[in-house]
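K.L.:
Take this sequence and fold it.
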Amino acid sequence: VANLRVSRRTRRGRLTVGGGSGVVITPDGFMLTSAHVVQGSNRTASASFVDGREVPVSVVGSDPLSDLALLRADASDLEPATLGDADTLRVGQLVVAMGNPYGFEGSITAGVVSALNRSLPTGAGSRRRLIENVIQTDAALNPGNSGGALANGRAEVVGVNTAVAGIGLGLAVPINEATRKIVAALMSDGRVRRAYIGIAGGARPLPPRVASRVGRRMGVEIVEVVPDSP
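P.N.:
Sure thing, here's the model as predicted:
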């Protein structure tokens with residue numbers, strides 16, 4: 001897990017430096033982080049590691065709808081993390097968060113999975129979106145943890161820490177088959193292409209009378225109509 005330093009230029013032309021974390025997923029430098037960590041950057045940043053190395057990184061692509069971004073570090077001998085499967089997580093399971101809160105490199109906190117399948121709203125106005133199936137944990141997260149690893153007891157990365165919603169309430173994007181497809185798309189195309197119908201929705205049990213009539217238990221509840229395409 002690397003400490004990221006990201007430079008951004010404000011609307012007034014001033015250069016500012018922000019921070020976050022990144023997870024190495026291949027020995028030749030591909031790294032996973034949160035899309036909001038590199039949002040507005042000039043597509044370049046630097047990553048420092050616990051062995052003292054600091055190397056430049058570039059943004060390969062980002063996907064705001066999942067809050068994931070793929071970086072490429074200028075290194076060929078990195079130690080990749082082992083990716084797990086968040087679909088096997090259970091509420092109450094022990095997890096460990098690794099990152100760089102407030103720039104304190106290599107910080108580790110422990111907690112449990114508080115809930116699964118949460119929805120995380122992102123953006124504002126017409127650009128408001130919902131990130132689905134987010135992991136909720138009580139492992140302590142702070143600014144700078146975004147993009148870091150959430151790992152299970154077998155040291156497998158099962159999530160990418162993405163937000164601090166309150167004291168004892170952290171959220172992470174799960175690592176599962178869907179996430180792997182996003183990473184593969186970013187690696188090959190630098191972007192993720194999706195079908196788009198202009199709604200945000202979620203599964204909802206149907207009333208018994210309706211369920212018996214249509215022959216299924218579940219339906220889709222429309223939470224929000226989004227007028228513009230992402």
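
K.L.:
Where do the helices of this protein begin and end?
P.N.:
Here the chain has its helices, by DSSP state H, at 35-38, 177-189, 208-214.

K.L.:
For those, give me TSV that also has mean pLDDT, mean neighbour count and distance to Asp138.
P.N.:
Placement of C-beta: from N, CA and C, glycine included. Output for the helices of the chain, formatted as TSV (pLDDT from 0 to 100; neighbours: other C-beta atoms under 10 Å; distance: least, C-beta to C-beta, whole Å):
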stretch	mean pLDDT	mean neighbour count	distance to Asp138
helix 35-38	89	24	22
helix 177-189	91	15	22
helix 208-214	91	10	36
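
K.L.:
Between those helices, which one is closest to Ala165.
P.N.:
helix 35-38 (14.0 Å; C-beta to C-beta).

K.L.:
contacts for that closest one?
P.N.:
4, 6, 18, 20-22, 45, 59, 62-64, 66-69, 71, 122, 146-147, 162 (C-beta atoms under 8 Å, 6 or more residues apart in numbering).

K.L.:
Looking at the residues you listed, which are in strands?
P.N.:
4, 6, 18, 20-22, 45, 59, 62-63, 68-69, 71, 122, 162 (DSSP state E).

K.L.:
Between those residues, which sits nearest Gly99?
P.N.:
Among the ones in strands among the contacts of helix 35-38, Ser21 lies closest to Gly99 (C-beta to C-beta), at 3.9 Å.

K.L.:
Isn't that closest one up against Leu150?
P.N.:
No - shown here, Ser21 and Leu150 do not form a contact pair, counting by C-beta atoms under 8 Å, at 10.9 Å.

K.L.:
hang on, the earlier thing: now for the ones in strands among the contacts of helix 35-38, which pair is the farthest apart?
P.N.:
Greatest spatial distance in the ones in strands among the contacts of helix 35-38: Ala45 and Thr122, 20.8 Å, computed using C-beta to C-beta.

K.L.:
higher neighbour count, the two?
P.N.:
Ala45 (26 against 17; other C-beta atoms under 10 Å).

K.L.:
okay, now the closest residue to Val225 other than its chain neighbours: neighbour count?
P.N.:
Nearest non-adjacent residue to Val225, counting by C-beta to C-beta, 6 or more residues apart in numbering: Ile199, 5.6 Å away. Neighbour count of Ile199, defined by other C-beta under 10 Å: 12.
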